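# next come a sequence and a model predicted from it.
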Amino acid sequence: MSRECLYGVVVLLAVVAVGVAGPAIADPPEQHNGRPGVYPADFAMTLDQQGARKFTANDIRSFVYHVFSMYERATSSTRRVGPEAFRLLVDDNVRIDFPDYKIANWSQFVEWHKWIHQRLVGDDHVLGPIEVKFMSDGSYQVRFVVVWRALFKTGEYTEARIEQTWRLREQEDRDLPVIETYVAKSADSRVPD
């Protein structure tokens with residue numbers, strides 16, 4: 001068999017294998033497709049929430065990623081982000097509970113931001129799935145697990161899985177949500193002295 005013919009057989013087998021064993025992404029999740037006016041109740045609720053709220057669930061997820069990218073930029077040598085960049089994102093009376101640090105207002109947030117980032121060479125955050133709930137009072141609750149990895153100036157490396165719950169609100173004069181509360185819990189997180 002010629003080299004070109006052999007190559008064609010291999011490609012054909014690969015196409016057949018993917019077609020047989022490939023993911024069923026194109027398959028409809030339920031039997032609602034094709035029938036006008038028939039769709040899952042959770043989708044109807046999603047459409048109602050998107051119409052009534054300033055932010056969609058994906059807007060909120062994007063915001064969470066934005067906040068973590070700003071944290072990581074706090075130690076960046078190319079594009080440093082200081083605490084003042086968070087001013088429109090954090091409520092004046094924010095309540096944040098970290099495993100080793102409690103915050104009750106904007107000034108304390110600024111103190112914490114300077115305290116932790118002055119101690120770091122750098123850090124990153126790997127986020128798991130972000131669950132967004134539209135609360136009846138108009139706020140948003142966000143829950144997720146983040147793996148925080150940090151290298152301290154002392155040379156100590158820390159890696160911790162941290163479960164977080166945030167409460168966000170809309171504010172008419174702001175284009176992004178505002179963090180009201182932020183609770184982080186982890187049995188294995190420890191910040192070196």
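Nice, thanks for sending it over. Numbering: from 1, shown residues only.
# Three-state assignment for the nearest residue to residue 74 once chain neighbours are set aside, please.
Counting by CB to CB, 6 or more residues apart in numbering, residue 117 is the residue found nearest to residue 74 once chain neighbours are left out, at 4.1 Å. Glycine gets a C-beta too; all of them are placed from N, C-alpha and C. Under DSSP: H, G, I helix; E, B strand; the rest coil, residue 117 falls in the helix class.
# any idea how far residue 83 is from residue 108?
11 Å (CB to CB, to the nearest Å).
# low pLDDT regions in this protein?
1-34, 36, 187-193 (pLDDT under 70).
# which residues in it form strands?
Along the chain, counting by DSSP state E, strands occupy 90-98, 101-103, 120-127, 131-134, 140-152, 157-169, 178-185.
# now these in TSV, with distance to residue 47?
What follows is the strands of the chain, written out as TSV (distance: least, CB to CB, whole Å):
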stretch	distance to residue 47
strand 90-98	29
strand 101-103	36
strand 120-127	26
strand 131-134	12
strand 140-152	17
strand 157-169	21
strand 178-185	25
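# would you turn these into JSON lines with distance to residue 58 and mean neighbour count?
Output for the strands of the chain, formatted as JSON lines (distance: least, CB to CB, whole Å; neighbours: other CB atoms under 10 Å):
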{"stretch": "strand 90-98", "distance to residue 58": "22", "mean neighbour count": "16"}
{"stretch": "strand 101-103", "distance to residue 58": "27", "mean neighbour count": "15"}
{"stretch": "strand 120-127", "distance to residue 58": "14", "mean neighbour count": "15"}
{"stretch": "strand 131-134", "distance to residue 58": "8", "mean neighbour count": "17"}
{"stretch": "strand 140-152", "distance to residue 58": "12", "mean neighbour count": "17"}
{"stretch": "strand 157-169", "distance to residue 58": "14", "mean neighbour count": "17"}
{"stretch": "strand 178-185", "distance to residue 58": "18", "mean neighbour count": "18"}
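# got the end-to-end distance for stretch 169-185?
22 Å (CA to CA, to the nearest Å).
# now that stretch, how far from the centre of its chain.
14 Å (CA atoms, centre = their mean, to the nearest Å).
# other residues contacting it?
53-55, 59-60, 63, 66-67, 88-91, 93-99, 138-140, 162-168 (CB atoms under 8 Å, 6 or more residues apart in numbering).
# so what sits opposite residue 144 in the bridge?
Per DSSP bridges, the residues bridged to residue 144 are residue 164.
# one step back: among the strands of the chain, which comes closest to residue 45?
strand 131-134 (8.7 Å; CB to CB).
# by contact count, what packs against the closest one?
Counting contacts by 3 or more CB pairs under 8 Å, 6 or more residues apart in numbering; DSSP states H and E, strand 131-134 is packed against helix 57-73, strand 140-152.
# rerun that using 10 Å as the cut-off
helix 41-52, helix 57-73, strand 140-152, strand 157-169 (3 or more CB pairs under 10 Å, 6 or more residues apart in numbering; DSSP states H and E).
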